[in-house]
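1. Structure, please.
(one chain, ligands or ions: 1)
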Amino acid sequence: MSEFDQYNTNQIVEDDKNHFLHPWQYFDSFKEEGALPIAKAEGAYIYDTDGNKMLDAIGGMWCTNIGLGREDMVEAIADQVRQMAYANPMVDMTNIPAGQLAKKLAELAPGDLNHVFLSCGGSTAVDTAFRLIHFYQNCRGLHDKKHIIARKEAYHGSTYAAMSIGGKKADHVKEFDYITDTIHHISTPYYYRAPEGLSEEEYTDTLIKEFEDKIEELGGAGKVAAFFAEPIMGSGGVIVPPKGYIQRMWETCKANDILYVSDEVVTAFGRVGHWFASEDVFAIQPDIITSAKGLTSGYQPLGATIFSDGIWDVIAASGKGRYFAHGFTYSGHPVACRAALKNIEIIEDEKILEHVREVGPYFQQELEKLVDLPIVGEVRGKNFMICIENVANKQTKELFAEELDIGRWITDEAAKRGVLVRPIGHLNVLSPPIILTKEQVDHIVSTLRESIEAVMLDLEKQGLW
Ligand code: PMP
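-> Numbering: from 1, shown residues only. Prediction:
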């Protein structure tokens, strides 16, 4: 008897279909197909309720960094639950793991980012940054300095504010209302689709100019509070910015007294080989870093908004009776914080950042070989954060018809072969657990090659390409 015999997959799918509104659910196709129920996870592998084993090259949702099913994580979490599963974090109460984690994050974060607000995930970390920025500017008496500039195709989360800061066209669906009076979007730094003939540096020049023009258009630096950016854009298609872009955007912010918010929900905690990408990859010291996901490797929901002494000094200056009216029942949740502390300890003890810096470039280099396939336009990213851009024509970079759903098609072929990759429109994104071995890398790459070849064959057979 298999351990999976206990599950009635049809019933699970039916119950789910009837009662669980999923994030990003497509109502029509979901009604037909339902969801794939996952029952078990071990390292980089997941098992559905029928016992089918798959290599999860999505890493949950860019988050299962150290791999799932670790007994040491189970022990730490169970121990904390036994001792104290919850404590009130409000005003003047705390718990041991929350304080310890805040101190640890201050040590790991760049420069003078010594203060931490703990929330429930990436969206609430971004929402907290947004509110902290307004609070800070108001404390300074700069009541008109409120505009936010972000980028098109950025993803910053799903609260009302975070979604408005995000600029993904596909997410700005008409049935929702977004904040548009104080949140503005400038171009995606997308060199693959930049105007022909520009060097990376020249392209960066145009993007910086656009940022400066936007500041002017909004009434000058006195009106602009902050700039939000992922160091490498994740859900927008793993967009690695052109040379000099991040540095120069940061310098422009500094020159204009605009806070730089680096959204490291995906890039922190090892995905690109460092605790944080801002300083170690792009040599900047943001004013605020938002993080989540790899902070606990998905074992518990947790978000952190890490901010500078400069912001702290302003907000904490004793305006009599001033207080920070923002917080969650589960801010600094002891079990989540304990999971984060253990996760960080494991990354340190097992030298996982060093592992990423060794195996990550191999993953990237092997995947880059897929560009010899006629429909792979570009493979880009860094270490364990990679995107494959599929195109109908490599010269013109023309896309396949949207209804072919080419990313989903390739994903389905790979899933049949036991590897999970994520489709985003015409793209396939990979963000596996960062403990991946070279053998697992080879398996993912050869499976993807076979899957893309199978799709090409079908396209040809059906006269679609
Ligand atoms: N910021 C970025 C860059 C993200 O990729 C995400 C999630 N994919 C979020 C914020 C939101 O995080 P969460 O889903 O944990 O709320």
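2. thought residue 188 was touching residue 239?
-> Yes: at 6.1 Å, residue 188 counts as touching residue 239 under the criterion of CB atoms under 8 Å. C-beta here means a position set from N, CA and C on the backbone, and glycine is covered the same way.
3. Name the residues contacting each of the two.
-> Both residue 188 and residue 239 are contacted by 153, 233, under the criterion CB atoms under 8 Å, 6 or more residues apart in numbering.
4. Residue 362 is in what secondary structure piece?
-> For residue 362, the enclosing helix or strand under DSSP states H and E is helix 352-368.
5. which helices and strands sit right next to that helix?
-> For helix 352-368, the packing partners by 3 or more CB pairs under 8 Å, 6 or more residues apart in numbering; DSSP states H and E come out as strand 376-382, strand 385-390, helix 438-461.
6. check contacts around the residue of the stretch 51-200 of the chain found nearest the ligand.
-> Nearest residue of the stretch 51-200 of the chain to the ligand, counting by CB to the nearest ligand atom: residue 122, 2.1 Å away. Listed by CB under 8 Å, 6+ apart, the contact partners of residue 122 are 156, 157, 162, 263, 265, 290, 291, 292, 293, 303.
7. for residue 37, same thing?
-> So residue 37 contacts 7, 9, 12, 13, 16, 48, 49 (CB under 8 Å, 6+ apart).
8. on that earlier part again, in helices, which of the contacts of residue 122 fall?
-> Judged by DSSP state H, the contacts of residue 122 include residue 162 as members of helices.
9. Okay, and which of the contacts of residue 122 map to strands?
-> Counting by DSSP state E, the contacts of residue 122 place 263, 290, 291, 303 in strands.
10. closest one to the ligand among the helices and strands packed on helix 352-368?
-> That would be strand 385-390 among those, by CB to the nearest ligand atom, at 10.4 Å.
11. tell me the angle of whichever helix or strand comes after that closest one relative to helix 438-461?
-> Note on strand 385-390: by DSSP H and E, the next helix or strand toward the C-terminus is helix 406-416. For helix 406-416 against helix 438-461, the angle by axes from the mean of the first three to the mean of the last three CA atoms, to 10 degrees is 120 degrees.
12. Return the list of helices and strands in contact with helix 406-416.
-> strand 385-390, strand 422-424, strand 427-430, helix 438-461.
13. circling back: within reach of the ligand, which of the ones in strands among the contacts of residue 122 are there?
-> Contacts with the ligand are made by residue 263 out of the ones in strands among the contacts of residue 122, judged by CB under 6 Å from any ligand atom.
14. quick one: which of the ones in strands among the contacts of residue 122 is nearest residue 343?
-> Closest approach to residue 343 among the ones in strands among the contacts of residue 122 (CB to CB): residue 291, at 12.0 Å.
15. ok, that closest one touching residue 278?
-> No: contact criterion CB under 8 Å: residue 291 and residue 278 do not qualify, at 10.4 Å.
16. on that earlier part again, including pLDDT and neighbour count, could the contacts of residue 122 go into JSON lines?
-> Below are the contacts of residue 122 laid out as JSON lines (pLDDT from 0 to 100; neighbours: other CB atoms under 10 Å):
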{"residue": "156", "pLDDT": "98", "neighbour count": "31"}
{"residue": "157", "pLDDT": "98", "neighbour count": "23"}
{"residue": "162", "pLDDT": "98", "neighbour count": "25"}
{"residue": "263", "pLDDT": "99", "neighbour count": "32"}
{"residue": "265", "pLDDT": "98", "neighbour count": "30"}
{"residue": "290", "pLDDT": "98", "neighbour count": "32"}
{"residue": "291", "pLDDT": "98", "neighbour count": "28"}
{"residue": "292", "pLDDT": "98", "neighbour count": "30"}
{"residue": "293", "pLDDT": "98", "neighbour count": "29"}
{"residue": "303", "pLDDT": "98", "neighbour count": "27"}
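17. Now for the residue lying closest to residue 356 once chain neighbours are set aside, how many residues are close by?
-> Computed as CB to CB, 6 or more residues apart in numbering, the closest residue to residue 356 that is not its neighbour in sequence is residue 273, at 4.3 Å. By other CB atoms under 10 Å, the residues close to residue 273 number 24.
18. ok, residue 273 to residue 111 distance?
-> Distance, residue 273 to residue 111, using CB to CB, to the nearest Å: 19 Å.
19. again, but for residue 350
-> As for residue 350, its distance to residue 111 is 27 Å (criterion: CB to CB).
20. ok, now which ones touch the residue positioned nearest the centre of the chain?
-> Nearest to the geometric centre of the chain sits residue 266, at 3.2 Å (CA atoms, centre = their mean). Contact analysis of residue 266 by CB under 8 Å, 6+ apart lists 62, 230, 232, 234, 293, 294, 385, 431.
21. contacts with the ligand among those residues, please.
-> 230, 234.
22. Rebuild the contacts of residue 266 as TSV, extending it with distance to residue 75.
-> Shown next, in TSV, are the contacts of residue 266 (distance: CB to CB, whole Å):
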residue	distance to residue 75
62	25
230	34
232	34
234	31
293	22
294	20
385	30
431	27
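23. Just the buried ones out of the contacts of residue 266, please.
-> 62, 230, 232, 234, 293, 294, 385, 431 (16 or more other CB atoms under 10 Å).
24. what's the closest of the residues you listed to residue 421?
-> Once CB to CB is applied, the member of these that ends up nearest residue 421 is residue 431, at 9.4 Å.
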